[in-house]
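Asker: turn this into a structure:
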Amino acid sequence: MSILAFNLDEIVTILIVNKIAHKITPLIIIGKHLSNTPHAILLLLNIFLKLLKSYSTNN
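Answerer: Okay, the predicted model is just below:
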């Protein structure tokens with residue numbers, strides 16, 4: 001059994017998270033420029049989690 005052996009669910013989850021991460025990264029960068037407060041970062045994290053939930057329920 002190789003270290004690189006993933007099951008299909010893990011691979012799909014990683015791909016979905018990467019896809020969302022690429023979309024959310026610009027938002028996080030914008031958020032950091034707009035405000036360095038933890039509140040803004042928490043708000044973006046909340047949006048990210050909602051996106052993650054919608055992806056997991058749709059697929």
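
Asker: use CA for all of it now, contacts and neighbours both
Answerer: Noted.

Asker: low-confidence ranges, this protein, go.
Answerer: 1-6, 31-40, 58-59 (pLDDT under 70).

Asker: list the buried residues in the longest helix that the chain contains.
Answerer: In the chain, with assignment by DSSP state H, the single longest helix is helix 8-34. Within helix 8-34, the residues that count as buried by 16 or more other C-alpha atoms under 10 Å are 17, 20, 24, 27, 28, 31.

Asker: and what of stretch 42-51?
Answerer: The neighbour-count check on stretch 42-51 (16+ other C-alpha under 10 Å) flags 44, 48 as buried.

Asker: how about residues contacting it?
Answerer: 20, 24, 27, 28, 31 (C-alpha atoms under 8 Å, 6 or more residues apart in numbering).

Asker: and those residues, which two are the farthest apart?
Answerer: Farthest pair in those (C-alpha to C-alpha) is 20 and 31. Separation: 16.3 Å.

Asker: can you lay out the contacts of stretch 42-51 as CSV showing distance to residue 11?
Answerer: What follows is the contacts of stretch 42-51, written out as CSV (distance: C-alpha to C-alpha, whole Å):
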residue, distance to residue 11
20, 14
24, 20
27, 25
28, 25
31, 29
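
Asker: which secondary structure element contains residue 47?
Answerer: In this structure, residue 47 is located in helix 38-58 according to DSSP states H and E.

Asker: just want the angle from that helix to helix 8-34.
Answerer: 150 degrees (axes from the mean of the first three to the mean of the last three C-alpha atoms, to 10 degrees).

Asker: just the CA trace of helix 38-58, in CSV.
Answerer: C-alpha atoms of helix 38-58 as CSV (Å, rounded to 0.1, in the frame of the first residue of the first chain):
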residue,chain,number,x,y,z
PRO,A,38,-10.3,39.6,12.5
HIS,A,39,-14.0,40.2,11.9
ALA,A,40,-13.5,40.6,8.1
ILE,A,41,-11.4,37.4,8.0
LEU,A,42,-14.1,35.5,10.0
LEU,A,43,-16.8,36.8,7.6
LEU,A,44,-14.8,35.5,4.6
LEU,A,45,-14.3,32.2,6.4
ASN,A,46,-18.0,32.0,6.9
ILE,A,47,-18.6,32.6,3.2
PHE,A,48,-16.1,29.9,2.4
LEU,A,49,-17.8,27.4,4.6
LYS,A,50,-21.2,28.2,3.0
LEU,A,51,-19.7,27.6,-0.4
LEU,A,52,-18.2,24.4,0.8
LYS,A,53,-21.6,23.2,2.1
SER,A,54,-23.3,24.1,-1.2
TYR,A,55,-20.7,22.2,-3.2
SER,A,56,-20.9,19.1,-1.0
THR,A,57,-24.8,19.1,-1.2
ASN,A,58,-24.9,19.7,-5.0
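
Asker: that concludes my questions; thank you for your assistance.
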